[in-house]
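>>> Predicted model and sequence below, questions to follow.
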Amino acid sequence: MEKIIKRTEREREYKEEMESFFSEASGSISDKLNNFTRFVDRQTLATFLYKYELFKKVVDVQGSILEFGVFRGGGSFTFAQLSTILEPYNYQRRIIGFDTFGGFPAVSEIDDLSDPDISPQKGDFSTHEKFYEELMQNIGLFNMNRFLNNVEKLMFVKGDINVTFPRFLEENKHLVVSLAYFDLDIYLPTKNTLELILPRIPKGGIIAFDELNNPDWPGETQAVIEAVGINNLRLKRVTFEPCRSYCVVE
Ligand SMILES: C[S@@+](CC[C@H](N)C(=O)[O-])C[C@H]1O[C@@H](n2cnc3c(N)ncnc32)[C@H](O)[C@@H]1O
């Protein structure tokens with residue numbers, strides 16, 4: 001099947017022009033952040049709104065929110081901000097993101113698209129070597145502006161999830177999960193993590209996926225087929241976002 005074109009020339013131009021416009025626009029950084037809708041692209045905004053829709057669906061479901069595959073942290077921070085805004089007294093809901101922060105530690109054969117230009121490679125999505133420390137500083141700032149900030153809201157677990165997640169579950173026997181957000185992109189960690197997380201999600205909880213039915217990322221669909229079976233899931237989507245899907249545990 002034809003692969004999804006990642007970005008058109010026009011989209012690349014838009015990105016570049018917007019970046020230089022943003023850096024040259026008048027006003028302080030705070031002015032620009034406060035008016036972020038002037039600068040942010042609609043795709044990012046749609047993804048943000050999608051996460052808001054998911055959050056609203058689990059706001060009355062017990063359990064923490066786990067994001068598998070964090071990259072630069074925008075998703076986990078979205079959920080943490082939403083929890084702070086929509087349920088300031090729910091100090092029990094933790095947002096926990098898992099990533100190597102060094103990109104894919106390995107890629108399976110099934111993820112390989114046999115095209116060096118688009119096939120995922122070991123190390124893709126790696127971040128700056130001090131990125132984890134930067135995130136910790138970021139959490140500190142986030143905590144300065146929320147209620148009940150004596151209780152941790154947002155945390156990150158660094159390392160290969162195939163190793164860190166079984167250990168994390170062992171160390172957190174109390175953990176219940178209201179929303180498991182899968183964005184690891186590739187086969188093996190998705191399969192392993194999905195199998196382990198299922199017993200922790202109550203009815204009404206949500207499992208969300210970023211890359212199902214995506215010819216660029218066959219590993220995620222394969223992992224779901226093997227771990228739960230696609231036909232056991234009522235996979236839903238929203239009208240304004242093309243790639244993402246979710247199911248409510250029944
Ligand atoms: C598409 S990015 C995640 C994007 C992020 N959810 C967001 O909203 O911006 C995929 C991430 O999965 C992580 N990842 C993939 N395999 C992993 C593994 N075995 N252990 C930990 N992280 C992994 C990669 O490091 C990468 O940052």
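Received it, and whenever you're ready, just let me know what you need.
>>> contacts and neighbour counts: CA atoms only from here.
Fine.
>>> quick one, what contacts Tyr181?
Neighbouring residues of Tyr181 by CA atoms under 8 Å, 6 or more residues apart in numbering: Ile65, Leu66, Glu67, Phe68, Ile207, Ala208, Phe209.
>>> got the CA positions of the helix or strand in which it is found in PDB?
Taking DSSP states H and E as the criterion, Tyr181 maps to strand 177-182. Only the C-alpha atoms of strand 177-182 are listed here, as PDB (Å, rounded to 0.1, in the frame of the first residue of the first chain):
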ATOM      1  CA  VAL A 177      -5.100   3.100  35.100                       C
ATOM      2  CA  SER A 178      -7.900   5.200  33.700                       C
ATOM      3  CA  LEU A 179      -6.200   6.000  30.400                       C
ATOM      4  CA  ALA A 180      -3.400   4.100  28.700                       C
ATOM      5  CA  TYR A 181      -2.100   6.200  25.800                       C
ATOM      6  CA  PHE A 182       0.000   4.200  23.300                       C
END
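>>> Hmm, Gly69 and Leu184 touching each other?
Yes - the criterion here is CA atoms under 8 Å, and Leu184 meets it with Gly69 at 4.6 Å.
>>> and this structure, what are its domains?
Listed by automatic domain parsing, the domain ranges of the chain are 7-40, 42-248.
>>> okay, those, which one's buried deepest?
Burial of the domains of the chain is given as mean neighbour count (mean count of other CA atoms under 10 Å); domain 42-248 ranks first at a mean of 17.
>>> where does this structure come near the ligand, residue by residue?
Within the chain, the positions near the ligand by CA under 6 Å from any ligand atom are 69-75, 98-105, 125, 159-162, 183-185, 189.
>>> where exactly do the strands run in this structure?
Ranges of strands within the chain are 64-68, 95-99, 154-158, 177-182, 206-209, 245-248, based on DSSP state E.
>>> and these as a markdown table, adding distance to Thr44?
Below are the strands of the chain laid out as a markdown table (distance: least, CA to CA, whole Å):
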| stretch | distance to Thr44 |
| --- | --- |
| strand 64-68 | 17 |
| strand 95-99 | 19 |
| strand 154-158 | 21 |
| strand 177-182 | 17 |
| strand 206-209 | 16 |
| strand 245-248 | 16 |
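>>> Now render these as a markdown table, adding mean pLDDT and distance to Asp111.
Output for these, formatted as a markdown table (pLDDT from 0 to 100; distance: least, CA to CA, whole Å):
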| stretch | mean pLDDT | distance to Asp111 |
| --- | --- | --- |
| strand 64-68 | 98 | 17 |
| strand 95-99 | 98 | 18 |
| strand 154-158 | 98 | 23 |
| strand 177-182 | 98 | 16 |
| strand 206-209 | 98 | 16 |
| strand 245-248 | 98 | 19 |
